[in-house]
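1. build me a model from this:
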Amino acid sequence: MQPATPLTPPARLLIALQSSLYIFRERTVAMLSALFVVLVLISAYLGWSATNTVDAIYADAAVYLKSIGQTVPANPVLDISPLSLLRNMSIYVSLIGALAAIVIGYQLIASDRKSGVIPLLGSRPLTRMDYARGKIAALAILLAALMGVAAIISIATFLVLPQFHLSPQGWVKLFSFFALSYGYMLMFGLVALATAARARSETVGLLLPVTLWLTLTFILPSLTANIHPTAAINPISALAPAPDTPFFHWTGYLIGPFSIAESFKYVSAGLLDFLPATAKVRSSIPPLADLAFALAGAGALAIYALGRMDMTTGEYDV
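-> Residues are numbered from 1 along each chain as shown. Next comes the predicted model:
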């Protein structure tokens, strides 16, 4: 075999594009992606429906209060930020979005290993880092497309419903939320790339990132903030203050930096303007910095795992 030489940028781009096109044909990925898009639509509808219902109740109450000569209070809808209409998006990203990213990241590597093309790629003038960059680029492209669809739906919601007008600062917060969500999903996708590349078993390669996702989403919040697992699907309940006891003070401080899902929900609530006044950060690391460290760590793990792949065999153990 001739010594591997670096590929030109177009060739690396070809790896990313080929992988992306293959993933689009995977039924599991398509189903999860479609489910995520549907949930984004539902999130926009639920936010509009809840606000519209409150507004209708206020209108009826105002008519009644005027008829009996009572003072009509201010409309509570006017005190609600339009961004809070999308508050359920933070839950859908942490649940379905992260799970879709795991499946995409896993399939990008597992499909090559199962099909036996790794040795063929290893016989070409292709370094491990070229392969790693191509796969990471494919993951980034696919997740950007998925998040782009979610962003378009959300933007259309505010454009179609002129009563929910966003200020320039509101638009900045909205785009910041989608950038944050993209980074959160990318983190799980990178971990899945790494486990799919290094695991000897196909099952283990997928089970490890899914177990990590379950731990971060349901188990750690219970230890650090006394959040019942079912509350993880409620954007408001997930931000409820923890009991003021030494146990939760210490678990929040020590385990909080590993509770990435809590950090994501806290920052998301701030960007979408539904962060409760009672919400407190007990972690030893600020939530945004915690997410940045987690993303950097996932990226380093993916590069390390892909950079150490055996390009002569590649197949999973039977």
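2. any idea of the mean pLDDT for stretch 308-316?
-> Stretch 308-316 shows an average pLDDT of 76 in the prediction.
3. scratch that, stretch 184-193
-> Here the average pLDDT along stretch 184-193 is 96.
4. same question for stretch 267-275.
-> 90.
5. any residues touching that stretch, and which ones?
-> 81, 83-84, 86-87, 89-90, 93, 173-174, 176-177, 180-181, 235-236, 239, 266, 276, 279, 287-288, 291 (Cβ atoms under 8 Å, 6 or more residues apart in numbering). C-beta here means a position set from N, CA and C on the backbone, and glycine is covered the same way.
6. what secondary structure does the residue lying closest to Phe293 once chain neighbours are set aside sit in?
-> In space, and not counting its chain neighbours, Phe293 is closest to Ile285: 7.2 Å by Cβ to Cβ, 6 or more residues apart in numbering. Secondary structure, DSSP: H, G, I helix; E, B strand; the rest coil: Ile285 is coil.
7. so Leu220 touches Ser263, yeah?
-> No. Taking Cβ atoms under 8 Å as the definition, Leu220 is not a contact partner of Ser263, at 10.4 Å.
8. so how far is the top helix by length along the chain from its chain's centroid?
-> Taking DSSP state H as the criterion, the chain has its longest helix at helix 27-67. Helix 27-67 has its C-alpha centroid displaced from the chain centroid by 22 Å (Cα atoms, centre = their mean, to the nearest Å).
9. next, count neighbours for Asn52.
-> 13 (other Cβ atoms under 10 Å).
10. check which helix or strand covers Ala279.
-> Here Ala279, judged by DSSP states H and E, is contained in no helix and no strand.
11. circling back to that earlier point, gap between the residue nearest to Phe293 and Lys173?
-> Taking Cβ to Cβ, to the nearest Å as the measure, Ile285 falls 22 Å from Lys173.
12. before we move on, what about Thr127?
-> For Thr127, the distance to Lys173 - Cβ to Cβ - is 41 Å.
13. and what of Leu220?
-> 27 Å.
14. many thanks, we can stop here.
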